[in-house]
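Student: The sequence and its predicted three-dimensional model are supplied below.
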Amino acid sequence: MKKILYLHQYFNTNNNTGGTRSYEFANALIDNGYYVYMVSGKTINRKNIENLDNFEFFSTNTKYSNSMSYLRRIFTFLNYIVKSIVIGIKLKGIDFVFATSTPLTIAIPGYILSRYHKAKFIFEVRDVWPDVPIELGVIKNKLLIKILKKFELFIYNKANHIIVASRGMLNNLLNKGVNRNKISVITNMANVKLFNSVRVDKDKEKNMLKLSDNFICIHPGAMGFVNGLDYLLDVAKKIGKIDTEVKFLLIGDGKERGPLITRKNTENINNVIFLKSIPKTSIIKMIKSSDLGIMIVRNFKILEDNSANKFFDFLASGLPILINYAGWQKEELDLYKLGFSCSSTNYYDMVEKILYLKRNKELYKEMSKNSKTLAKDKFSRNICCNKLINILKNL
């Protein structure tokens, strides 16, 4: 039985808040005869892990929050690096080391442990670091930027295989001279089976939120700087003066959550509801009880390459989708008629498109059907997981 050392600092199950890509990959690996050692920074209740036969979970107990300062985040990355290496060297018979970013620093224990175990090294890129923090102005020191870029290329060259989460990320790596033959694109997955297994009484859920007879626009996920959710408050404030039936449900945590709530209260934007982060199964209920999925990011070119979980969750739920950025997801929206892309600077464009979809029932139904179809035919869990299994077999 082949053994995989899987490094993911932010590993989650369906009973945790946050993305569950690694959980689904781990289950698929186990189903295909692999033994998985997962090393996370988080502490997970083992009762939440379904398949315990060929799975061992280790935690470095590294506390992390999006609300942390950038300096504190660096210390958490260092904490995970050291502790994961200590855990990893105690394991025996490792055939593959799979390290998934972010952060880019996870490549350090990934590379070191692959060398120690003489194992194949697979590096998964979910956000292209250090490009993202550089373009956002988080990292400005020229010497540090030079060091990080050299380290990035070092890791790409040393990895036996690289997985990226979008076509845009693939092009980014190709422009840096990375060998195309060692890169595979595996987007995040639309877990249709999981969504279908969660039964929802839409009217009951809306009633619990005191949103009966309302048209709910949902945005689940982080509320940080990159998300730029002031844009969505602008949309809500404007639309509240036109159609009182439209409500906005924002679910998540992050550094901007407090300021956003303060602005909502100060400006009396009463058609916006904030909820704290909730487990995946609860998020599914909220999404299936909503009418429209919304995705917002700030106007930075690098962010167009992202592969946000919420996009695929909306597809699995059969929701039409609105986004305010360009890139590969806009291309999917346009090609398969899943929803609309809106101006990144003129929020009134989104106001108009929300109202247009709300009032055009036939178009709404068509886009909803298209979302479900694409989820099954292109982004399903089986399709994404089978790509990973084939990569391992080829290695």
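Tutor: Sure, I can see it.
Student: Give the buried residues for stretch 167-175.
Tutor: By neighbour count on 16 or more other C-beta atoms under 10 Å, the buried set for stretch 167-175 is G168, M169, L170, N172, L173. Just so you know, the C-beta spots here come from the backbone N, C-alpha and C atoms, and that holds for glycine as well.
Student: So which of those residues is the closest to S101?
Tutor: Nearest to S101, judged by C-beta to C-beta, of the buried residues of stretch 167-175 is M169 at 10.9 Å.
Student: if I pick the closest one, what's in contact with it?
Tutor: Taking C-beta atoms under 8 Å, 6 or more residues apart in numbering as the contact definition, M169 lies against V125, V128, V185, D305, S307.
Student: Can you name the residues bridging to the first one?
Tutor: Which is V125. S101, V164 (DSSP bridges).
Student: just checking, it touches L173?
Tutor: Yes. Applying C-beta atoms under 8 Å as the test, V125 and L173 come out as touching, 7.4 Å apart.
Student: F75: neighbouring residues, count only.
Tutor: 12 (other C-beta atoms under 10 Å).
Student: so what does the helix or strand harbouring it touch, helix or strand wise?
Tutor: Using DSSP states H and E, F75 sits in helix 70-89. Applying 3 or more C-beta pairs under 8 Å, 6 or more residues apart in numbering; DSSP states H and E, one finds that helix 70-89 makes contact with strand 3-7, strand 35-40, helix 107-117.
Student: Please name every helix or strand in contact with the shortest one.
Tutor: What it means is strand 3-7. helix 21-31, strand 35-40, helix 70-89, strand 96-101, helix 107-117.
Student: Can you say which of those is packed in most?
Tutor: Each of those was scored by mean neighbour count; the highest is strand 96-101, a mean of 25, by mean count of other C-beta atoms under 10 Å.
Student: returning to that earlier point: can you tell me which of the buried residues of stretch 167-175 is nearest G19?
Tutor: M169 (15.9 Å).
Student: Could you pull out the buried residues of stretch 217-226?
Tutor: Neighbour counts using 16+ other C-beta under 10 Å place C217, I218, H219, P220, G221, A222, M223, G224, V226 of stretch 217-226 among the buried residues.
Student: any idea how far that stretch is from the chain center?
Tutor: 11 Å (C-alpha atoms, centre = their mean, to the nearest Å).
Student: Could I get the full set of strands for the protein?
Tutor: With DSSP state E, the ranges of strands along the chain come out as 3-7, 35-40, 55-59, 96-101, 120-125, 161-164, 183-185, 215-220, 246-251, 272-275, 292-295, 321-323, 339-341.
Student: What does the pLDDT read for N51?
Tutor: On the pLDDT scale, N51 is placed at 58.
Student: about what we covered before: can you list residues touching both of V125 and L173?
Tutor: Common neighbours of V125 and L173 (C-beta under 8 Å, 6+ apart) are I162, V164.
Student: didn't R263 look like it was pressed against D230?
Tutor: Yes. When contacts are counted by C-beta under 8 Å, R263 is listed as touching D230 (7.2 Å).
Student: and N394, how many neighbours?
Tutor: 8.
Student: Same question for D377.
Tutor: Around D377 there are 11 residues (other C-beta under 10 Å).
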